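Visitor: based on what follows, work out the 3D shape:
(one chain, ligands or ions: 2)
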Amino acid sequence: MKKRILSGMRPTGPLHLGHLFGALDNWVKLQSDHDCFFMIADWHALMSEYEDPSKLSQYTIECAADWIAAGLDPEKSAIFVQSHVKEHLELYMVFSDFVPLGWLERCPTYKEQLRELSSRQLHTYGFLGYPVLQAADILLYKADAVPVGKDQLPHLELTNDIASKFNKLYGDVFLGIKPFLTKTSKLLGIDGKKMSKSYGNFIALGDSEEIIKKKCSQMFTDPERIRLNDKGHADKCNIYTYYNLLRKDRASEVYDYCTKARIGCTECKKNLAEVISDYLADIRKKREKLLRNKSDIRDILKDGAKKASKAASETMSEVKEAVGLL
Ligand code: TRP
Ligand code: SF4
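Guide: Numbers count the residues shown, from 1 in each chain. Ligands and ions are numbered 1, 2, ... in the order given. A predicted model of the protein is given here:
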């Protein structure tokens, strides 16, 4: 029996290189020998975007297109939208009844998000319950493992706590789950901070060549290299990290000309723009083609929801029986 995997992303903005190297590439590899469920977490997106959800459906469709363009295969994996499978909210409700407020108030990601998204009004009932819904997402599918980045670990711990508490109250329905930490190559944004939608420092999978050029020209480089004949410190330069990840075969050449001050940063960045653009060319083409036929994407999501619903409804029947609902 193949091990089952579930993971998800929130459709709150365009997918970028951080998603590609931090998650998607790994998901693509996992789908050949795992039973995979990949979910677009639109209910979770609404928790932080409820004041202006006008782009939610666009981002949901684009997210699916990006995933497929990056190599997720709807034949192998269930690719679906969270709100299309009604059991997520049902299990969330069952959990909500017994999860102590303290678990949620103490959750480090909760405090962090309130701080980071301080322009939004997130002192809401729904946002506090974010990890409860995530636990429902995971436990509904009885996933063996959840591939996520380190930032999600507190949510997985809570998921296990919720599973144990459920079992204690109503009998053994859920097993513990394991995180499947993605060994991420840290790719920083154009300003040298973590690449993130909220910082606006990302290179999106759908960015045009022009935009990539512009963004690369704005990238932070070795601050100690001011003049052309100052020797650079490639190891400390974000541009060099990109080369190592995208064109390993050219990294030593870059290291060489940088540390010997043979070419300037402006030219180095111009070359990088081409490297990124070439790297994304196939994904961009596939994504554009998919987005020209949105009804095909909708069909894929419908099919994914069907597969997901099958697994989810089985678990939910067990849950209802264990809890004592008619
Ligand atoms: N919280 C996750 C994130 O922000 C998204 C998510 C929602 C998720 N439900 C999930 C991830 C279930 C893994 C499993 O990235
Ligand atoms: Fe960075 Fe390239 Fe400039 Fe070296 S030459 S500091 S690698 S941008």
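Visitor: alpha carbons only for contacts and neighbour counts from here, please
Guide: Fine.
Visitor: state the distance from residue 44 to residue 69.
Guide: Using CA to CA, to the nearest Å, residue 44 is found at 23 Å from residue 69.
Visitor: for residue 103, same thing?
Guide: 38 Å.
Visitor: and what of residue 143?
Guide: Residue 143 is 25 Å from residue 69, by CA to CA.
Visitor: and for residue 13?
Guide: 17 Å.
Visitor: which of those two has more residues huddled nearby?
Guide: residue 69 (21 against 18; other CA atoms under 10 Å).
Visitor: surely the more buried one meets residue 286?
Guide: Yes. Between residue 69 and residue 286 there is a contact at 5.2 Å, judged by CA atoms under 8 Å.
Visitor: point out the residues in the stretch 51-200 of the chain that sit beside ligand 1.
Guide: Within reach of ligand 1 by CA under 6 Å from any ligand atom, the stretch 51-200 of the chain has these residues: 134, 137-138.
Visitor: hey, which helix or strand in the chain has the poorest pLDDT?
Guide: strand 178-181 (a mean of 85; mean pLDDT, DSSP states H and E).
Visitor: quick one: strands adjacent to that strand?
Guide: strand 145-148 (parallel) (DSSP bridges).
Visitor: give me the contacts around the strand it pairs with.
Guide: The contact list for strand 145-148 (CA atoms under 8 Å, 6 or more residues apart in numbering) reads 3-7, 23, 27, 138, 177-182.
Visitor: restricted to buried residues, select those residues in ChimeraX.
Guide: The ChimeraX selection below is limited to those of these classed as buried (16 or more other CA atoms under 10 Å):
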select :4,5,6,7,23,27,138,177,178,179,181,182
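Visitor: just the buried residues of whichever strand or helix holds residue 300, please?
Guide: Residue 300 belongs to helix 294-323 when assigned by DSSP states H and E. Neighbour-count burial for helix 294-323, counted by 16+ other CA under 10 Å, picks out 297, 300-309, 312-313, 315-316, 319, 322.
Visitor: next: stretch 271-282.
Guide: Using 16+ other CA under 10 Å as the burial criterion, the residues of stretch 271-282 that qualify are 272-273, 275-277, 280-281.
Visitor: around ligand 2, which positions in the chain sit nearby?
Guide: Applying CA under 6 Å from any ligand atom, one finds that the chain approaches ligand 2 through 221-222, 232-234, 237, 239-240, 258, 264-265, 268-269.
Visitor: and the gap between the residue lying closest to residue 218 once chain neighbours are set aside and ligand 2?
Guide: Computed as CA to CA, 6 or more residues apart in numbering, the closest residue to residue 218 that is not its neighbour in sequence is residue 190, at 6.7 Å. Distance of residue 190 to ligand 2, computed by CA to the nearest ligand atom, to the nearest Å: 12 Å.
Visitor: show me what contacts residue 190?
Guide: Here residue 190 is in contact with 201-202, 215-216, 218-220 (CA under 8 Å, 6+ apart).
Visitor: kindly report the same for residue 113.
Guide: Per CA under 8 Å, 6+ apart, neighbours of residue 113: none.
Visitor: how far does the helix or strand hosting it sit from its chain's centre?
Guide: If you go by DSSP H and E, residue 113 is part of helix 108-116. In terms of CA atoms, centre = their mean, to the nearest Å, the centre of helix 108-116 is found 17 Å from the chain centre.
Visitor: stretch 19-36 now?
Guide: Using CA atoms, centre = their mean, the offset of stretch 19-36 from its chain centre is 11 Å.
Visitor: what's the answer for stretch 252-264, then?
Guide: Centre-to-centre, stretch 252-264 and its host chain are 34 Å apart (CA atoms, centre = their mean).
Visitor: what lies in contact with it?
Guide: With contacts defined as CA under 8 Å, 6+ apart, stretch 252-264 is touched by 228-234, 240, 243, 268.
Visitor: just the mean pLDDT for that stretch, thanks.
Guide: Averaged across stretch 252-264, the pLDDT comes to 95.
Visitor: please apply the same query to stretch 278-292.
Guide: 97.
Visitor: can I get stretch 67-84 in CSV, CA atoms only?
Guide: Extracted in CSV, the C-alpha atoms of stretch 67-84 (Å, rounded to 0.1, in the frame of the first residue of the first chain):
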residue,chain,number,x,y,z
TRP,A,67,0.6,23.4,-9.9
ILE,A,68,-0.1,21.5,-13.1
ALA,A,69,2.4,23.5,-15.1
ALA,A,70,5.0,22.8,-12.5
GLY,A,71,4.4,19.0,-12.9
LEU,A,72,1.6,17.9,-10.7
ASP,A,73,-0.3,15.3,-12.6
PRO,A,74,-4.1,15.1,-12.1
GLU,A,75,-4.0,11.5,-13.2
LYS,A,76,-1.7,10.6,-10.3
SER,A,77,-2.8,13.0,-7.6
ALA,A,78,-6.1,14.4,-6.4
ILE,A,79,-5.9,18.1,-7.0
PHE,A,80,-8.9,19.8,-5.4
VAL,A,81,-10.4,22.9,-3.7
GLN,A,82,-11.0,22.7,0.0
SER,A,83,-14.5,24.3,-0.2
HIS,A,84,-15.6,21.7,-2.8
